[in-house]
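Asks: here is my input, please return the structure:
(one chain, ligands or ions: 2)
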Amino acid sequence: MDFRKIPTLNSTPSLLGYGCMRFPEKDGKIDKEQSYAMLDAAIAGGVNYFDTAYIYHNGESEPFMGQYFKENLSTKPRDSFYIATKLPTWEVNSLEDAKRIFAQQCERLQVDYIDFYLLHDLKLDRFEKMEKLGVYDYCRELQAQGKIKHLGHSSHENAENFAKIVDARDWDFVMLHLNYMDLDNLKLYEYAVAKGVPVFVMEGVKGGSLSKLPDDIAPHFTALNPTATPASWALRWAGSLSDSGRPPAEASGDLRGGEQSPPSLAVKCILSGMSSMEQVQDNLATFSGFKPLSNEEHAAIKRVEVDLRKRVRCNCTGCNYCMPCPAGVNIPWVLSIWNNWGIYENRGHSNWEWSMVGADSRPAKCTECGACNAICPQKIDIIADLKRADSELEGLAW
Ligand code: SF4
Ligand code: SF4
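Replies: Ligands and ions are numbered 1, 2, ... in the order given. All right, here's what the predicted structure looks like:
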């Protein structure tokens, strides 16, 4: 296992972190036998960082991990592994809520302190609310008492709002959604790097969407390496990021190929929500003797990215100008799920995304008033596309 020390935090997490949100399940519960075996294998392979959250597995992940730590790691020094968990900022409406949830998290995890504590999915409006309630200061008080070692936040924000949050307060680290398809997020990464804030990566395989490529695109990878999995390519991309967020050769104008210089060490840990033993073994191989991507490999990833983008169903940018729809249809959300289905053809993931959309937000509610078509800057025929999206997504379950 590779490690990238964080001198400012006096911590050395494993480059592969275990994301505890996608354990295999049995009868609606986390499958203890399988999951324990996967955690055992990850630890044997050098993983020392475990990332859970209050909400994962409908609240089951934290107590599950607490029990695992008690049964399997209680004889090891507490500072030989790291526990990360997150405060669900959207559920916090008072300082008392934050205090109650933190106490509950320590109880669930059966620990006296949390190594890495994050304000979960911290959008700007949520941050402002946390500030008003005094949650940030409370977390720093917990830190002074030794109950939190490091304070950070996870972000799916846009770059402008992310910068406001980073500038408003000190952060020991941030967790960012980074993969070779969501390149807009590199602006967040670059900002964090410029500010000297250590970066932890989530969604490196885009919720599993990049773990299997369509048959006509996969050869871009297999031509260079017949055995490497698509997931390993995606995770190596994240681990190879330079300070600028671009491949070093591209940043220097040298696109001739060959080997590149070592990547920036700004990325300290890359999470993977492993849900099978095969994934654990594959990820351990990726992060043991980590090999940054060569320029030739970066070029292959660029070809995959370009070809995947050709498969988008419509050009919705998510600008939200068409919202709110008077009939309640969540237009950008529906079109985004439809696009993801078109690009990745990941039936299970798309079906899950579609199941999240309530009946009141679905295209069936559209009255064809035409207000959205008139305003869309991309000139999308939204009424027609919603019908196509509905028909394709409704068919996924079959
Ligand atoms: S206005 Fe057009 S581009 Fe913007 S979110 Fe709506 S459909 Fe997408
Ligand atoms: S045409 Fe349909 S989706 Fe568009 S605003 Fe009217 S009701 Fe909403």
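Asks: show me what contacts K149?
Replies: By C-beta atoms under 8 Å, 6 or more residues apart in numbering, K149 lies in contact with L9, S11, Y113, I114, D115, F116, Y117, Q143. Every residue, glycine included, has its C-beta placed from N, CA and C.
Asks: oh sorry, the question was meant for E131
Replies: Going by C-beta under 8 Å, 6+ apart, E131 touches A168.
Asks: roughly how far does it sit from ligand 2?
Replies: Separation of E131 from ligand 2 (C-beta to the nearest ligand atom, to the nearest Å) stands at 35 Å.
Asks: also C20?
Replies: 38 Å.
Asks: G66 is in contact with that residue, correct?
Replies: No. Using C-beta atoms under 8 Å, C20 is not in contact with G66; the gap is 10.9 Å.
Asks: quick one, which of the two is more surrounded?
Replies: C20 (27 against 19; other C-beta atoms under 10 Å).
Asks: ok, now which ones touch that one?
Replies: Applying C-beta under 8 Å, 6+ apart, the residues near C20 are F50, D51, T52, A53, Y56, H57, S61, F64, M65, G273.
Asks: pull out the buried residues from those.
Replies: Buried residues within those, defined by neighbour count using 16 or more other C-beta atoms under 10 Å: F50, D51, T52, A53, Y56, H57, S61, F64, M65, G273.
Asks: look up phi and psi at the first one.
Replies: Pointing back at F50 there. Here is the backbone geometry of F50 (degrees, to the nearest 10): phi -130, psi 120.
Asks: and what of G17?
Replies: Dihedral angles for G17 - degrees, to the nearest 10 - are phi -110, psi 150.
Asks: OK, contacts around it?
Replies: Counting by C-beta under 8 Å, 6+ apart, G17 touches V47, Y49, F50, D51, A84, F200, C269, I270, L271, S272.
Asks: in JSON lines: those, plus pLDDT, secondary structure and distance to N72.
Replies: Below are the contacts of G17 laid out as JSON lines (pLDDT from 0 to 100; DSSP: H, G, I helix; E, B strand; the rest coil; distance: C-beta to C-beta, whole Å):
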{"residue": "V47", "pLDDT": "97", "secondary structure": "coil", "distance to N72": "13"}
{"residue": "Y49", "pLDDT": "97", "secondary structure": "strand", "distance to N72": "15"}
{"residue": "F50", "pLDDT": "98", "secondary structure": "strand", "distance to N72": "11"}
{"residue": "D51", "pLDDT": "98", "secondary structure": "strand", "distance to N72": "17"}
{"residue": "A84", "pLDDT": "98", "secondary structure": "strand", "distance to N72": "18"}
{"residue": "F200", "pLDDT": "96", "secondary structure": "strand", "distance to N72": "23"}
{"residue": "C269", "pLDDT": "96", "secondary structure": "strand", "distance to N72": "21"}
{"residue": "I270", "pLDDT": "96", "secondary structure": "strand", "distance to N72": "23"}
{"residue": "L271", "pLDDT": "96", "secondary structure": "strand", "distance to N72": "20"}
{"residue": "S272", "pLDDT": "95", "secondary structure": "strand", "distance to N72": "20"}
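Asks: before we move on, the earlier item: tell me which of the buried ones among the contacts of C20 fall in strands.
Replies: If you go by DSSP state E, these have F50, D51 in strands.
Asks: can you pick out the ones from the buried ones among the contacts of C20 that are in helices?
Replies: Judged by DSSP state H, the buried ones among the contacts of C20 include Y56, H57, S61, F64, M65 as members of helices.
Asks: just list the residues touching the second one, thanks.
Replies: So the one you mean is H57. C20, M21, F23, E25, I30, F64.
Asks: so how many other residues sit close to Y68?
Replies: Neighbourhood size, Y68 [other C-beta under 10 Å]: 21.
Asks: if we can go back for a sec, can I get the contacts of G17 in JSON lines including distance to ligand 1?
Replies: Listed next are those as JSON lines, based on distance: C-beta to the nearest ligand atom, whole Å:
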{"residue": "V47", "distance to ligand 1": "39"}
{"residue": "Y49", "distance to ligand 1": "37"}
{"residue": "F50", "distance to ligand 1": "37"}
{"residue": "D51", "distance to ligand 1": "31"}
{"residue": "A84", "distance to ligand 1": "33"}
{"residue": "F200", "distance to ligand 1": "30"}
{"residue": "C269", "distance to ligand 1": "34"}
{"residue": "I270", "distance to ligand 1": "31"}
{"residue": "L271", "distance to ligand 1": "29"}
{"residue": "S272", "distance to ligand 1": "31"}
